[in-house]
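[1] Need coordinates for the following:
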Amino acid sequence: MLNDNSDKTDRLVCFFDSGIGGLNLMYNCYKRCVDCNFAYFADNYNMPYGSKPPEEVLKTVDGYFERIALLKPAVAVVACNTVTAECICFLREKYPFPIVGIQPAVKPAVKSSKKCIVLATPATIKSQAVRELVRQYGEGKTELVPCENLAAYIENNIFDMVEEEVISMLPPAECDGVVLGCTHYTYVSDIISRFYNCSVYDGTEGTTNQICKILGKSDHHGFLSKETAFYGGNCIKNAKIFDFLKQNINFCKF
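    Numbers count the residues shown, from 1 in each chain. Purely as a prediction, here's the structure:
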């Protein structure tokens with residue numbers, strides 16, 4: 001069990017995702033936030049959230065955030081695009097600690113592309129928040145494309161994914177830039193890039209920058225030993241994937 005964040009050199013960053021998708025984001029922060037501990041909350045057994053009613057998602061997520069609040073985090077991270085789109089306003093109003101959400105990286109994508117697609121779960125595609133994001137920053141050249149089953153496939157087959165099976169779930173589209181609108185898709189970003197023959201963008205770097213900005217500069221230098229804890233869902237699986245990420249293991253079989 002992790003301690004509270006009373007010491008500035010022992011700050012706690014909590015992550016929530018419906019499943020394994022947010023582990024990539026947590027690893028990115030793990031590399032950069034040298035004086036923090038980390039806690040990962042997941043709901044693996046009830047994902048995907050992309051096909052659930054918004055009120056059901058909100059009730060579930062709020063239950064997890066009540067547990068997160070007990071740990072008194074320095075910052076909490078919503079590492080799920082669907083939850084960010086549907087719940088983050090409610091969470092920020094209810095809880096006193098900073099809450100960072102992840103969004104599709106539309107802004108950097110349109111700077112380098114003539115036509116972009118945002119590949120995401122149906123719920124994310126339908127959300128007002130994502131539609132407004134595309135309207136505001138998509139420059140009229142960004143299309144929302146739903147991907148029905150890919151997140152669940154990645155979640156359930158992470159240790160035995162096959163490129164041909166991933167490709168079978170990718171919808172056809174003409175584009176020169178793909179924005180990943182689901183953190184699960186990061187595990188197969190290379191396959192997505194090859195399939196659409198273009199660059200792929202995700203919100204990991206931008207979200208990490210925001211987390212680091214909230215935490216402020218560290219007095220420490222170098223890579224310090226950190227504590228990482230896992231709660232909810234399939235903790236053994238999530239911890240194993242996180243260890244694999246630290247070893248730069250590729251989850252796909254070619």
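
[2] With just CA atoms, put stretch 114-130 into CSV.
    What follows is stretch 114-130, C-alpha atoms only, in CSV (Å, rounded to 0.1, in the frame of the first residue of the first chain):
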residue,chain,number,x,y,z
LYS,A,114,-3.9,17.2,-45.4
LYS,A,115,-6.6,14.8,-44.2
CYS,A,116,-6.8,13.2,-40.8
ILE,A,117,-9.0,10.6,-39.2
VAL,A,118,-9.7,10.1,-35.5
LEU,A,119,-9.9,6.4,-34.8
ALA,A,120,-11.9,5.8,-31.6
THR,A,121,-14.6,3.8,-29.9
PRO,A,122,-18.2,4.5,-30.8
ALA,A,123,-18.8,6.3,-27.5
THR,A,124,-15.8,8.6,-27.9
ILE,A,125,-16.9,9.4,-31.5
LYS,A,126,-20.4,10.3,-30.4
SER,A,127,-19.3,12.4,-27.4
GLN,A,128,-19.9,16.1,-27.6
ALA,A,129,-16.4,16.8,-26.2
VAL,A,130,-14.6,15.1,-29.0
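
[3] buried stuff in it?
    Buried residues in stretch 114-130, defined by neighbour count with 16 or more other Cβ atoms under 10 Å: 116-121, 123-127, 129-130. C-beta coordinates here come from the backbone N, C-alpha and C atoms, glycine included.

[4] and that stretch, how far from the chain's centre?
    Relative to the centre of its chain, stretch 114-130 is centred 15 Å away, using Cα atoms, centre = their mean, to the nearest Å.

[5] So which bits of stretch 133-150 are buried?
    By neighbour count on 16+ other Cβ under 10 Å, the buried set for stretch 133-150 is Leu133, Val134, Tyr137, Gly138, Thr142, Leu144, Val145, Pro146, Cys147, Leu150.

[6] end to end, how far does it reach?
    End-to-end distance of stretch 133-150 (Cα to Cα, to the nearest Å): 23 Å.

[7] Stretch 17-35 now?
    Stretch 17-35: ends 23 Å apart by Cα to Cα.

[8] sorry, back to before: which one of the buried residues of stretch 133-150 is nearest to Val75?
    Using Cβ to Cβ, Leu133 comes nearest to Val75 of these, at 21.7 Å.

[9] residue ranges of the helices in this protein, please?
    In the chain, the helices defined using DSSP state H lie at 23-32, 54-70, 81-94, 106-112, 122-126, 128-137, 150-157, 163-168, 189-196, 204-215, 235-246.

[10] Quick one: closest of these to Ala229.
    Ala229 lies closest to helix 235-246 among the helices of the chain, at 8.7 Å (Cβ to Cβ).

[11] buried stuff in that closest one?
    Quick answer for helix 235-246 (16+ other Cβ under 10 Å): Lys237, Asn238, Ile241, Phe242, Phe244, Leu245.

[12] ok, back up a step: including pLDDT and distance to Glu55, could the buried residues of stretch 133-150 go into CSV?
    Output for the buried residues of stretch 133-150, formatted as CSV (pLDDT from 0 to 100; distance: Cβ to Cβ, whole Å):
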residue, pLDDT, distance to Glu55
Leu133, 94, 22
Val134, 94, 24
Tyr137, 93, 28
Gly138, 92, 28
Thr142, 95, 28
Leu144, 96, 22
Val145, 96, 26
Pro146, 94, 21
Cys147, 93, 23
Leu150, 95, 24
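
[13] Pick out the most distant pair among the residues you listed.
    Longest distance between any two of the buried residues of stretch 133-150 is 23.9 Å, between Tyr137 and Leu150; criterion Cβ to Cβ.

[14] With adjacent residues omitted, what lies nearest to Ile68?
    Leaving aside its chain neighbours, Ile68 sits nearest to Cys14 (4.7 Å; criterion: Cβ to Cβ, 6 or more residues apart in numbering).

[15] one step back: can you flag the weakest of the helices of the chain by average pLDDT?
    Comparing mean pLDDT across the helices of the chain, the weakest is helix 122-126, with a mean of 89.

[16] Any chance you could list what contacts that helix?
    With contact meaning Cβ atoms under 8 Å, 6 or more residues apart in numbering, helix 122-126 is reached by 49-52, 54, 57, 81-82, 85-86, 104, 118, 130, 144-146, 148, 181-182.

[17] Great, nothing more from me.
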